[in-house]
Every structure is written in C-alpha cells, then in structure tokens.
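Asks: structure of the sequence below:
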Amino acid sequence: MMEREYEMKSRNMSKLDKSRTILKLLDELGLEPSLEQKDAFEKIENEYVLQEIIPLLKEDITPLVERLRNSFSLRISKKGNDLVMEKRRVGGDVPEASSSSSVEKRCLIRVTFPDGRVICHPVVTETFVEVVKYAGAKRVHELKIMMFGENIISDHLMDNTRYRSSQKYVGDGLYVNAYSSTDRKFEQLVSINIRLMLKLRIERVLVET
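Replies: Numbers count the residues shown, from 1 in each chain. Predicted structure coming up:
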C-alpha cells in the first residue's frame with residue numbers, strides 16, 4: 001500500500017515538474033500556450049494540490065484541533081451590559097475572563113518564512129504585499145487568482161478609482177489588487193503558498209487595539 005502511495009506521489013510530482021518546465025520553455029521562447037494547454041497545465045496543478053498538499057495539511061491540523069477541542073471549555077455569561085467569556089482548561093484551571101466592552105481586538109496576518117523570519121505588520125495590506133513580492137509577482141500572476149473579474153496581478157492600473165487606489169506595486173511592472181478583507185487576503189495567501197510550494201506558515205492572529 002505504501003509503495004503504491006509513493007509511486008502515485010512520484011508520478012504526480014513528475015507531471016507537475018514537466019508541466020512547469022514546458023511553461024518556462026514556452027516563456028523563454030516568447031510563445032503563448034494555447035487555451036487547451038493552459039487548461040491541461042492547470043488541471044495537473046490542481047490534481048497535485050488536491051491529492052498531495054491538502055491531505056498533508058489535514059494530517060498536520062487535525063491533531064491540533066482535537067487537542068484544543070479537548071483542552072478547553074468556553075462559557076459565555078452576561079454581567080450588566082457586558083458579555084463575559086470564561087475559558088476553562090479541562091482539569092480545573094483558573095478561568096481566563098474577558099469583557100467584550102473593555103477590550104477590542106482586530107485580526108492581523110502573521111507569516112513565518114522558511115528561514116525563521118516572521119512578519120505581522122499592523123496594516124494587513126503590507127503583509128499581503130510583502131508575501132506577493134516574496135513569491136514573485138509574475139509567478140502569482142500565472143496562478144490566475146481572480147477578483148472583481150480580473151487577475152489580482154495586472155500590468156496596469158484599473159479604471160475604477162476605488163480599486164486603483166488599492167493597487168500596490170510589486171515589481172516587474174506589475175500591481176496587486178489589495179482591495180479585499182483580511183479573510184480574503186488570508187485565503188489568497190494560503191492559495192499562493194500551497195500552489196507555489198513556498199513552505200510558509202500563515203496564521204490569523206488577534207491583537208488588542
């Protein structure tokens with residue numbers, strides 16, 4: 001069974017490497033792949049992500065979720081006009097209480113790079129742009145991540161002034177459209193990380209304001 005799984009992984013990885021080599025060769029020759037070829041390349045990449053990457057992520061995350069689920073209980077009560085949350089560790093530890101009216105929190109994105117460097121800018125867009133630059137604007141453009149009917153990476157500023165003001169320069173004459181919520185940026189970064197195999201650790205974190 002293990003030999004069969006290894007053989008499948010090797011075959012999928014080989015197909016992915018070959019498709020990327022062909023795309024690189026076409027680019028060096030100044031040739032544009034046909035729609036049929038683009039669809040075929042995208043299918044190979046999607047198959048690799050679905051069959052290899054996502055199962056690995058599930059294996060890593062599932063034990064952590066189970067540990068957290070079994071470690072804490074949460075009780076929400078009302079005191080006056082405040083909602084109070086008490087988080088109890090299973091086993092009887094002292095509860096951690098927080099009031100919804102006294103502490104406000106907002107969500108940021110924290111990224112850990114393979115070399116151990118960590119970024120978590122107070123402005124989420126700055127984190128988003130830095131990761132896109134790290135991945136390579138041209139490579140991200142090839143992923144065809146769409147938003148508002150256009151690729152999030154483009155070589156021009158959009159006509160819509162609202163979107164244009166959110167476009168950030170990421171090198172190579174390209175701009176990334178950052179007009180999106182923190183959740184959307186997080187999803188896009190996770191997709192970029194998986195599909196380009198960047199080996200980043202991308203997390204949503206809550207910070208007090």
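
Asks: not counting sequence-adjacent ones, nearest residue to R110?
Replies: C120 (4.0 Å; CB to CB, 6 or more residues apart in numbering). To be clear about C-beta, it is placed using only N, CA and C from the backbone, and glycine gets the same treatment.

Asks: could you do R162 as well?
Replies: Looking at R162 with CB to CB, 6+ apart, the closest residue is Y179, at 6.8 Å.

Asks: what is the burial count for the one you found?
Replies: 17 (other CB atoms under 10 Å).

Asks: what about it, which SS state?
Replies: For Y179, the assignment made with DSSP: H, G, I helix; E, B strand; the rest coil gives coil.

Asks: what of M197?
Replies: coil.

Asks: need phi/psi at the residue nearest to R162.
Replies: phi -80, psi 80 (degrees, to the nearest 10).

Asks: pretty sure V140 sits against S191.
Replies: No. Here V140 does not reach S191: they are 9.7 Å apart, not a contact under CB atoms under 8 Å.

Asks: please identify which of those two sits among more neighbours.
Replies: V140 (25 against 14).

Asks: what's the spacing between that one and V132?
Replies: Counting by CB to CB, to the nearest Å, the gap from V140 to V132 is 6 Å.

Asks: give me the common contacts of those two.
Replies: The contact sets of V140 and V132 overlap at 153, 176, 192 (CB atoms under 8 Å, 6 or more residues apart in numbering).

Asks: quick check, nearest of those residues to R204?
Replies: I192 (15.6 Å; CB to CB).

Asks: quick one: contacts for that closest one?
Replies: 131-132, 135, 140, 143, 145, 198.

Asks: hmm, 7 Å instead?
Replies: 135, 140, 143 (CB atoms under 7 Å, 6 or more residues apart in numbering).

Asks: can you lay out those residues as TSV showing distance to E104 and secondary structure?
Replies: Output for those, formatted as TSV (distance: CB to CB, whole Å; DSSP: H, G, I helix; E, B strand; the rest coil):
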residue	distance to E104	secondary structure
A135	32	helix
V140	33	helix
L143	35	coil
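
Asks: would TSV of these with pLDDT and distance to Y163 be doable?
Replies: Converted to TSV, these look like this (pLDDT from 0 to 100; distance: CB to CB, whole Å):
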residue	pLDDT	distance to Y163
A135	97	21
V140	96	17
L143	94	19
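
Asks: please report how far I192 lies from Y169.
Replies: 18 Å.

Asks: next one: M146
Replies: In terms of CB to CB, M146 sits 20 Å off from Y169.
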